[in-house]
Structures are given as C-alpha cells and as structure tokens.
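A.B. asks: fold the stuff below for me.
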Amino acid sequence: MNQGQSRSSPVDPPARVATLSGDQDTGSGDTGPGDTAPGDPALWRRRLRHDIRHELGTIIMLASAVMVADDVGAGSRARVEQLLGETRWLDHLIRRLDEDDPDGAGPDTGLPSPERLRVDRLTAEVVTGMRLATPHAVEFAGEQAWAHMDAVALWRALRNVLDNACRVADGRVEVRVLVEQGWVVIQVDDDGPGFGRRKQAPHGLASLGLGIVHDLISGYGGSLEIRTGEMGGARVRMLLPSAPPAHDDWRPRP
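C.D. replies: Okay, the predicted model is just below:
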C-alpha cells in the first residue's frame with residue numbers, strides 16, 4: 001500500500017531511459033522475449049492485462065484495509081466485504097484469461113475442467129452481490145444442489161442472467177435453486193415486460209449475455225431454457241447435470 005503517498009509520476013526524469021521493444025530491455029535493440037514488435041497486438045494485450053491485475057491488487061488491498069478499520073460501521077463493512085468478493089471474482093477472470101491465452105495470441109476455445117460445486121452456495125453469493133448493485137428486490141431460495149462445473153464459468157453465467165433480469169425488472173427478481181429428476185435447476189424470474197416486449201432494455205446486450213450463458217452451460221452438459229414466467233416477465237432456467245454431494249458436506253435425509 002502506498003501509505004497515503006501520491007502515485008503521480010516523479011518530477012525528475014530517470015538518468016537513463018531505455019526503449020523497450022519487448023517485455024523487457026535486452027540492451028541490444030532486439031525485440032526481446034517472443035520477438036514481439038512494439039506495435040504487436042499480443043504484446044499490447046499482455047501489458048494491458050498486467051496493468052489491470054496491478055489495479056485490481058490495489059483495490060483489494062484498499063478494501064482489505066477498510067475491512068479492519070475501527071471507524072467503519074457494520075453496514076458499510078458488509079458492503080465493502082461484498083465489494084472485495086466481487087473484485088476477487090474479477091481477478092479470477094483475469095487469471096483465467098492469462099491461463100487460456102498466456103502469449104496474447106488468442107483465447108483457447110476449450111473450457112476449464114469441471115469441479116464439484118455447491119450450486120446453491122455460489123448462487124447465493126452472486127445474489128448477495130446483486131442486491132447491493134440494484135434497487136430491485138432480489139429474492140433467493142435454494143436447496144442443497146451439487147454439479148460438476150467450473151466455478152468461474154458458473155459465476156459468469158449467473159451474473160449475465162441476473163444482470164439481464166435486474167436491468168429490465170420493474171421491481172422484483174426471484175432466484176431459485178432446485179433439483180429436478182437428476183438436473184440442478186437455477187431459475188431466474190423477473191417482473192419486467194418479458195422477451196420480445198422490452199421497450200428500454202438493450203436487446204443486443206441481453207442477447208450477447210444469453211449467448212455467453214448458453215455456451216457456458218452447454219459446455220458442461222447442461223441446457224438453457226427461456227420462457228414467460230409466473231411473474232409476467234421472463235423466466236430463465238439453467239439446467240446442469242446433478243452430481244452426488246461431497247462426503248464432507250453430506251447429511252442423511254430424514
């Protein structure tokens with residue numbers, strides 16, 4: 001942390017200014033690692049991701065400092081804690097981008113390996129974040145549900161569906177997690193005008209988000225359903241193949 005000091009550029013220029021044509025100065029005018037030219041798009045993307053990671057790290061440190069401060073009330077502390085959680089999810093996205101595209105040449109089309117997830121817990125975490133970001137009431141109810149999927153992929157799918165629902169809702173969004181005939185169902189209802197009747201919703205943005213959701217869910221053996229819900233607006237259902245519970249969290253049913 002910078003201890004309150006300004007992060008502006010220094011007044012005096014450095015004694016020697018090196019021209020970097022790659023990721024570091026080679027001292028000989030070579031292009032450096034990977035033989036990347038100064039205008040190379042891959043090099044630009046790597047440097048951009050580096051700067052984004054740096055700024056995210058700064059935000060995480062600042063939020064962590066606020067969390068332990070003595071002059072912060074309980075309500076503000078809860079909001080900062082949620083902000084910290086959202087920032088860490090964003091950091092996961094950047095790290096995933098680095099893993100899929102380490103050289104900046106283009107993303108890998110393969111999906112990350114699945115892991116056993118508590119779908120209801122992850123959904124509840126996303127809902128908690130959305131409650132702080134929207135004026136609408138976002139209600140959640142869920143039973144214990146397990147599935148095999150990448151956590152970041154499921155987080156992305158949930159955020160896209162909830163962003164769309166909160167953007168068009170008149171005042172209420174309902175989220176449910178249930179298990180139906182071997183499928184884990186994440187159901188999101190809103191009281192907006194519904195698909196095909198939206199007047200103010202950016203249709204292109206909604207379509208892009210649902211396209212992302214479809215690809216993420218279907219990539220792990222699931223499916224996406226869109227229909228009109230009981231609240232009069234859209235009902236989006238994400239279906240994932242159910243997985244047995246982990247032994248350390250399993251409890252016998254009565």
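A.B. asks: quick one: S218 and G211 touch, right?
C.D. replies: No. Look at S218 against G211 with CB atoms under 8 Å: they stay out of range, at 10.9 Å. Bear in mind the C-beta positions are built from the backbone N, C-alpha and C, glycine included.
A.B. asks: quick one: the residue nearest to D163 when sequence neighbours are not counted from P41, how far?
C.D. replies: Residue nearest to D163 in three dimensions, not counting chain neighbours: G209, with 6.4 Å by CB to CB, 6 or more residues apart in numbering. For G209, the distance to P41 equals 26 Å [CB to CB, to the nearest Å].
A.B. asks: out of these two, which sits in the more crowded spot?
C.D. replies: Just comparing G209 and P41: by other CB atoms under 10 Å the higher neighbour count belongs to G209, 20 against 12.
A.B. asks: and that one, what is it in contact with?
C.D. replies: Residues counted as contacts of G209 (CB atoms under 8 Å, 6 or more residues apart in numbering) are N160, V161, D163, N164.
A.B. asks: quick one, helices of this structure?
C.D. replies: Taking DSSP state H, the helices of the chain run over residues 41-67, 74-100, 119-133, 151-168, 203-218.
A.B. asks: what's the most buried one of those?
C.D. replies: helix 151-168 (a mean of 22; mean count of other CB atoms under 10 Å).
A.B. asks: domain assignment for this structure?
C.D. replies: By the assignment in automatic domain parsing, the chain contains the domains 1-110, 115-249.
A.B. asks: which of those domains has the lowest mean pLDDT?
C.D. replies: Out of the domains of the chain, domain 1-110 stands lowest, with a mean of 60 (criterion: mean pLDDT).
A.B. asks: how close does R88 get to E81?
C.D. replies: From R88 across to E81, the span is 11 Å (CB to CB).
A.B. asks: which residue, other than its chain neighbours, is closest to W183?
C.D. replies: L239 (4.7 Å).
A.B. asks: got the CA coordinates for stretch 63-78 in PDB?
C.D. replies: Only the C-alpha atoms of stretch 63-78 are listed here, as PDB (Å, rounded to 0.1, in the frame of the first residue of the first chain):
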ATOM      1  CA  ALA A  63     -10.800  -2.800   0.600                       C
ATOM      2  CA  SER A  64      -9.000  -5.100   2.900                       C
ATOM      3  CA  ALA A  65      -7.700  -2.100   4.900                       C
ATOM      4  CA  VAL A  66     -11.200  -0.700   5.200                       C
ATOM      5  CA  MET A  67     -12.500  -4.000   6.500                       C
ATOM      6  CA  VAL A  68     -10.300  -3.900   9.600                       C
ATOM      7  CA  ALA A  69     -10.600  -0.100  10.200                       C
ATOM      8  CA  ASP A  70     -12.100   0.900  13.600                       C
ATOM      9  CA  ASP A  71     -14.200   3.800  12.200                       C
ATOM     10  CA  VAL A  72     -16.300   1.700   9.800                       C
ATOM     11  CA  GLY A  73     -19.800   0.700  10.700                       C
ATOM     12  CA  ALA A  74     -21.300  -2.800  10.400                       C
ATOM     13  CA  GLY A  75     -23.400  -1.800   7.300                       C
ATOM     14  CA  SER A  76     -20.500  -0.300   5.500                       C
ATOM     15  CA  ARG A  77     -18.300  -3.100   6.400                       C
ATOM     16  CA  ALA A  78     -20.700  -5.600   4.900                       C
END
